[in-house]
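**Q** What follows is a predicted structure for the sequence shown.
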Amino acid sequence: MGDKFQTSYKADMALFQTLWVKVWLGIFAASLIVCPYFLSQYQLGILNEISIAVIGALGLNLLIGYTGQISLGHGAFVAIGAYTTALTSAYWGLPFVVTLPLSGVMAALLGMIVGVPALRLKGLYLALGTLAFGFIVEYVLFHWDLIQGDMGMAVKRISIGGYEIRTERDHFYCLTAFAVLATLCSKNIIRSKIGRSFIAIRDRDIAAEAMGIPLAKYKVMAFGVSSFYAGIAGGLLAHYQKWIVPGSFDLSLSVTYIAMIVLGGLGTILGSVLGAVLITSIPHGIVYTTDLVKDTYPVLGSLIVDLKVGIFGLIVVLALLFEPQGLAGIYRRVKLYWKTWPFRY
Amino acid sequence: MEKAMEIIINGLSTGAIYALLALGFVLIFKSTGILNFAQGELCMVGAFFCYTFATLLGLPYVAAFLIAIILGGLLGAVIDFLFFRRLVGEPIFSTIMVTVGLASVITSGAGLIWGHDVYSITAPFTDKTFVLGGVVLGRGALYTIGISILLFIVFVLFFNRSLLGVSMRGTSEDPHTAGLMGINVKKIHMLAWAIGSAVAVVAGIFLADQSFVRLPMSHTGIKAMSAAILGGMDSIKGAIVGGAIIGLVEGFAANYLSGMVVGGFHFGDVKDVTAFSIMILVLMIKPHGIFGKEKVERV
């Protein structure tokens, strides 16, 4: 927040710094509350997917964007969350209020176990280690009788205090509430001592250690928190889809989450949200456009899968080459430009 | 005994493919400092090149093989020119993620051009066998092992004896100083990408002989990464030894572990996961591999 002057610590630490931010957030919240009454089921479905993606992307951005620890295995933690939810609700019949935190905790525990060897590994070695972990989790999911391998598992609907969530609209309110909660939590983590330690470790871990930040503690914590988010996202995804198969938690899911934070902007909360919104909508946009031109070019319909994969890859490559700060960076630049308009400086 | 012999030879021929792919990783990593996650995709594209010229256009196998290698080298050079020339000195996350993104782009491009079907190339040595110590083996395996040993010797000589090889080593050690000494660093990087991709194409064509030409071939690239890690990311010797070890362990694991059931857990398709388990073990015990040099970080 270098461009603002504060006169007290309280103002500097405030979650929402200016009146305008509060006003815009108020308008945004109000539009979220009323929008289910104007949107179709399909559009609400997209929004629900986005809410789940936002939670996962926030978690990954805490790890990669803020702490600088590369992880190519985020999809595995989402899978652990999803399967914990499925197992605990199917076999033990635990209620939603218990299973969801349990999925988060389970993923966080495994995340911290991965985080411990990660203390020795840096950069590309860490990327490879998490990648290998992702493949091993995928293998276990396929070959474990308890979770029926590639048959997949059925998951019950969310029910809170006897009220079962059935419609897309109910899902929308529930999932959006979780996404908002996750965003607030991230913002709180970042402005606290923990967040500042994360950023110090990202910028130079040796210097951070010299300043008295216990590296081991905070690196493991970053893995734990990030996996907790992934686990919650997985648990919600399992409930929302009502059916989970191991194949959907492969490397491409991890790459999708990375695409979100790279496109949105590494190390920004706004970026995680923007990236999740865009990356989740792009496949729907592709389907929509191919539907429009299907009659003139019938070939396109069969190419959607290839196009989707390629476009994600291209987005990551182009964003890193030409706009490493992502959409959040563009937003910041545009804001700065209009602030002094029509003068350059 | 005969079974063990068969497993060893087959393991070595799979290992030779891993070794070739790992060699590509090492060549690119050694001179540019970039770990190329798209190596498996380059190998897949190489196999498709060979398929296109040998089967679709009906050229002789050796001609198709050579054209595929040249095209692969060109593709590597173009990739360097378009993407990685701009990324010199960027943080490691950017370089890794650009190669990951590139991998998806290549896969989708190959899917658009050649489709998702399964093809095969008929090589002169396809379905021909030879007998060694009472074990019947495919001749393709022999060629694969032979070529990878040959390439290993060529590259060791290249890096130790030729001016170009020495300047590549110099560039990898310190690009800035190498530039001051009159080495064209950009050209060296481009050359490294070209050679790395050409080696990947060779691996892809031999892999196509052992299985088929299809899109999921590229997964072998990720497995070969564990060979490179095991041997040490900056060691050519390590790539060959690592590839052989991974291939052998995979062969034995597939034969003796598959089909076991422990507490409701089926050990099927152990081949898919052996390489990754080894990778995790190596990263935990000795992250720099058998022959790799440990880098000391200066503040």
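**A** Yes, it's here.

**Q** low-scoring pLDDT stretches of the chain, where are they?
**A** You didn't pick a chain, so chain A it is. A:1-4, A:298-302, A:344-345 (pLDDT under 70).

**Q** that's the other chain; I wanted chain B
**A** By pLDDT under 70, the weakly predicted segments of chain B are B:126-127, B:132-134, B:263-264, B:297-299.

**Q** and the longest helix that it contains, what other elements does it pack with?
**A** Ranked by residue count under DSSP state H, the longest helix found in chain B is helix B:2-32. On a contact count with 3 or more Cβ pairs under 8 Å, 6 or more residues apart in numbering or on different chains; DSSP states H and E, helix B:2-32 meets helix B:39-51, strand B:135-138, helix B:139-161, helix B:163-173, helix B:185-210, helix B:219-231, helix B:236-256. Bear in mind the C-beta positions are built from the backbone N, C-alpha and C, glycine included.

**Q** buried set for that helix?
**A** The neighbour-count check on helix B:2-32 (16 or more other Cβ atoms under 10 Å in any protein chain shown) flags B:6-32 as buried.

**Q** which residue is nearest the middle of chain A?
**A** Central residue of chain A (Cα atoms, centre = their mean): A:Ala57, 1.7 Å from the mean position.

**Q** what about that one, is that helix, strand or coil?
**A** Following DSSP: H, G, I helix; E, B strand; the rest coil, the label given to A:Ala57 is helix.

**Q** residues touching it, list them.
**A** A:Tyr257, A:Met260, A:Ile261, A:Gly264, A:Ser272, A:Val273, A:Gly275, A:Ala276 (Cβ atoms under 8 Å, 6 or more residues apart in numbering or on different chains).

**Q** likewise B:Gly179?
**A** The contact partners of B:Gly179, by Cβ under 8 Å, 6+ apart, come to B:Val185.

**Q** Could you give me the buried positions within the helix or strand encompassing it?
**A** Per DSSP states H and E, B:Gly179 falls inside helix B:175-180. For helix B:175-180, burial by neighbour count (16+ other Cβ under 10 Å) applies to B:Pro175, B:Ala178.

**Q** burial of B:Gly109, as a residue count?
**A** Number of residues near B:Gly109 (other Cβ atoms under 10 Å in any protein chain shown) recorded here: 16.

**Q** Just to check, it is in contact with A:Val309?
**A** No: counting by Cβ atoms under 8 Å, B:Gly109 stays clear of A:Val309, with 9.7 Å between them.

**Q** What's the separation between the residue nearest to B:Thr177 when sequence neighbours are not counted and B:Ile188?
**A** In this structure, B:Thr177 finds its nearest non-sequential neighbour in B:Gly170, 7.7 Å apart by Cβ to Cβ, 6 or more residues apart in numbering or on different chains. Using Cβ to Cβ, to the nearest Å, B:Gly170 is found at 9 Å from B:Ile188.

**Q** go on, A:Ser31?
**A** Taking Cβ to Cβ, one finds A:Ser31 at 55 Å from B:Ile188.

**Q** Assign a three-state SS to A:Arg120, would you?
**A** Classification of A:Arg120 using three-state DSSP returns coil.

**Q** Which stretches in chain A count as helices?
**A** So, for chain A - with DSSP H - the helices run A:9-13, A:19-34, A:41-60, A:74-91, A:96-118, A:123-143, A:168-191, A:193-203, A:205-210, A:215-241, A:251-264, A:269-292, A:300-322, A:326-339.
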